[in-house]
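Colleague: below is the structure, and that's it, no one-letter string:
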């Protein structure tokens, strides 16, 4: 039975738990230091502040530590959490602002934000005094800027000109004071000078009253040494990354020159900027190495002056958190310890706030730098806490919420697992993690009795129950009971014990060759109520059977064998069969070694190059699990077709030998080499080809072949041979030596041909009798020496031209354009003489024989074509042998026949019935100078076909039998002894459809000479 106060606490705790999504305010936007221009048209200023919280927070603001009453002050209003200032005043509304957000869980304050207003007032309208100065004297005109805030820029106007006064070595405007400095006054400087001040934020400009300058010329100022009037501070602290400007300007006569230097003698940084008058030195992005003593030197002919200043690197660092606060939900009576830590220079100090109010150390609250400790927290300690780190450069805020929770044990969110399945012999951990504040004490019950720790059963410090070496008797219902001073609760779960899974047929390590297929078995025994799931892994990665064409899992139930099809070298490695059930996971592994042809040898090197041999050495490539049994050497030249196996020493290179001598190479040839490894599986990939090398030159070793000869003109000996291929020429400057002698002579005649492409030599001597027999041989040479000669062969010299003309020459006119000529052959003078051809000469009567056309034939008849009709021609024939042409036969004449009629057959009619075409045409009448018509020629063919059929008739009609279904083209010509007459032109007979037996059988189409062929 709970007491009334305990019941109230429990009810309040339940309400808190129901609102667990509620929390205190957290800033998402905080105000920041701002400068607002006063010249904007919008007379409102907006300062941001926004916080999240549940319930939504309420806002209020402070300025310079005073609360702002937005109800009574018309200049202030709230827009959500943001502060709106209407019609702001430079004095009244500038200050340090802070936003405060509050809800039911507490209060937080924002960082402090300094708000200022940029403005620029007008100059006084009071007239400025006249400045009187002597020529050559210096003068300083004071600007006296009006009240302002924000960055400003100074300029001067001379005599009301539109452009501002330009600075130079004589005139300088200080951006620190606004004053105008003239080092040496000239007569042209007389006039009115107006100071212009521009606020860079408000973009407004004001002008002073003009200052009159009068230059007195009665007395001229003498020369004097420089006087530095504008000088930078003796000591200046500069922050990291900032930009510093040093001003320096001197008065003097003559006008002094300004230069800058470092006192330690080091060169000025390359990044510095010096304006055109040298009066300003700017160092951007200040770094530690830029610190030091800087000097401004003013110098003229009367002397020099120096100004010095020390720039000190100020290593101030902005504050930033390295350890911040986190919200804490803690049980009542627990100990709270928060620590925040920030870095910055100078080192920050810390203070703490609770709900926006300063937190002081007292009996229960301990504050030490950034550490807050509260022992045995209570409900009243709940709230919003803030740690503030601050130094002279500013402050940073860290916020967190403390919720103190008090509740009885509750298993709603984390009950004991309803059912836990475990294999026999295994180990189980049953968790008991109720939500309770303060922490609950835990006890375990089984089947109605309390459970105590034994050898195999242990209740851990956090209440977890651990049981090892589980047996069937450990199965059952287990109950966790949790108690604290606010109540008691319990949760129950079941423990189910199953038989363990075992792999009874594991995969075995195998060797396989490329291209084979294998099966790795995997079979298990398991509790009959469990469904094992098989997974296979290859070299540590799960096999995706949907994306791997080589792998397939076969079997089913308690077997999940792996089939590997068409094995490749990449499939070598470790294979793991993993079987998972609801209670356990088991696995077995096997190694698969894939043997394949060896990989390419590596690092092929060619050395010791001679004319016919080279030395090769290489490194072994991967043997792919099968030792290399031998190596094969291949070579390639520009003359070879692909790679060819070459002979080596030793003849067969064993697998353990990594070098060989290549022999029987051709001298002076470019070679590439490669090596191929062979093992018991097969021939591997070749090595990368070697660099191209050239064997050394040598005396040629190959003589020309197929030496022969004969023919030519009278007095010539023609010698021919097959040239030696380039790859067998063995060196540069290759050529031939031709040697010959008359049969029976002992003296050889030699000549040298320096061309490697030569294949023929002609020796000319008029004293050589026709068909004299010679012995001939051809040798070779190059720049290394002479090579071998070919075997000696016998060659005849040229024979004599024919001495006789063909006899019994006659001809007959074939047509108007053709004559056929006949003659008796010229008999040979000896067995070695041979008539190779006859030449027929023909020319029109009235022309000279020298103008004759010629036809060459090998028989004793010739057909002359392309002749003119009714024309007399003279014809002569002569024989030809290898030495040349013989004498011409006596010319005789013959006249060609009359030409055929030029008129084509006309009035052509055709009639197509079934598969017959009936043709009729008018007879062609020859003119007096034309040959008489002896008949007609009908040529026909199927449309688009090349093969034609020709029929001749002595009538003017014809019947053609043709198959149906095709278009036909027909032509008709007259036949005469002078040849074929003019064609009628093609006549198109369209194909006849199978529906009709007669096509226009009664219609006659008359076709004249003007017939055109239309498709």
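Modeller: Arrived safely, thanks for sending. Since the structure is predicted, the reported quantities are computational estimates derived from the model, not experimental observations.

Colleague: what is the neighbour count of the residue lying closest to residue 123 once chain neighbours are set aside?
Modeller: Once flanking residues are discounted, residue 123 sits nearest to residue 208: 4.3 Å by C-beta to C-beta, 6 or more residues apart in numbering. To be clear about C-beta, it is placed using only N, CA and C from the backbone, and glycine gets the same treatment. Here the count is done by other C-beta atoms under 10 Å, and residue 208 has 25 residues near it.

Colleague: for residue 160, same thing?
Modeller: The local packing of residue 160 (other C-beta under 10 Å) involves 10 other residues.

Colleague: what about the residue nearest to it when sequence neighbours are not counted, distance to residue 209?
Modeller: Taking C-beta to C-beta, 6+ apart as the measure, residue 160 lies nearest to residue 192, with 6.9 Å between them; neighbours along the chain are not counted. In this structure, residue 192 and residue 209 are separated by 9 Å, where distance is defined by C-beta to C-beta, to the nearest Å.

Colleague: hmm, back to that, quick one: the residue nearest to residue 123 and residue 128 touch, right?
Modeller: Yes. Contact between residue 208 and residue 128 holds when scored by C-beta atoms under 8 Å: they sit 7.2 Å apart.

Colleague: and the pLDDT at residue 832?
Modeller: You'll see residue 832 listed with a pLDDT of 64.

Colleague: phi, psi of residue 569?
Modeller: Main-chain torsions, residue 569, degrees, to the nearest 10: phi -60, psi -30.

Colleague: am I right that it is in contact with residue 626?
Modeller: No. The pair residue 569 and residue 626 fails to qualify as a contact (C-beta under 8 Å) at a distance of 10.8 Å.

Colleague: what is in contact with the two at once?
Modeller: By C-beta atoms under 8 Å, 6 or more residues apart in numbering, residue 569 and residue 626 have these common neighbours: residue 596.

Colleague: of the two, which one has the most company?
Modeller: residue 626 (20 against 14).

Colleague: can I assume that one sits in a helix?
Modeller: No. With DSSP: H, G, I helix; E, B strand; the rest coil as the criterion, residue 626 is located in coil rather than a helix.

Colleague: what about it, distance to residue 567?
Modeller: In this structure, residue 626 and residue 567 are separated by 14 Å, where distance is defined by C-beta to C-beta.

Colleague: what pairs with residue 644 across the strands?
Modeller: Each beta-bridge partner of residue 644 is listed here, defined by DSSP bridges: residue 635.

Colleague: quick one, what contacts it?
Modeller: By C-beta under 8 Å, 6+ apart, the contact set of residue 644 is 634-636.

Colleague: make CSV out of these and add distance to residue 749 and pLDDT.
Modeller: Converted to CSV, the contacts of residue 644 look like this (distance: C-beta to C-beta, whole Å; pLDDT from 0 to 100):
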residue, distance to residue 749, pLDDT
634, 47, 96
635, 42, 96
636, 43, 96
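
Colleague: turn those residues into a markdown table, including neighbour count.
Modeller: Below are these laid out as a markdown table (neighbours: other C-beta atoms under 10 Å):
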| residue | neighbour count |
| --- | --- |
| 634 | 19 |
| 635 | 20 |
| 636 | 19 |
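
Colleague: nearest to residue 201 among these?
Modeller: Within the contacts of residue 644, distances to residue 201 taken as C-beta to C-beta reach their minimum at residue 636, with 81.6 Å.

Colleague: isn't the closest one right up against residue 686?
Modeller: No. Counting by C-beta under 8 Å, no contact exists between residue 636 and residue 686, whose distance comes to 10.7 Å.

Colleague: what is in contact with the two at once?
Modeller: The contact lists of residue 636 and residue 686 share 643, 674, where a contact means C-beta under 8 Å, 6+ apart.

Colleague: what about the helix or strand hosting residue 225, average pLDDT?
Modeller: Assigned by DSSP states H and E, residue 225 belongs to strand 224-230. Per-residue confidence for strand 224-230 averages out to 92 on the pLDDT scale.

Colleague: ditto for stretch 474-491
Modeller: 91.

Colleague: list the buried residues in it.
Modeller: Residues of stretch 474-491 classed as buried under the neighbour-count rule (16 or more other C-beta atoms under 10 Å) are 474-475, 478-484, 486-487, 489-491.

Colleague: do stretch 617-636 as well
Modeller: Buried positions in stretch 617-636, judged by neighbour count with 16+ other C-beta under 10 Å: 618, 620-621, 623-626, 628-629, 631-636.

Colleague: same question, stretch 865-877
Modeller: Residues of stretch 865-877 classed as buried: 867, 869, 873-877 (neighbour count, 16+ other C-beta under 10 Å).

Colleague: max pairwise distance over those: which two?
Modeller: Farthest-apart pair in the buried residues of stretch 865-877 is 869 and 877; separation 23.3 Å (C-beta to C-beta).
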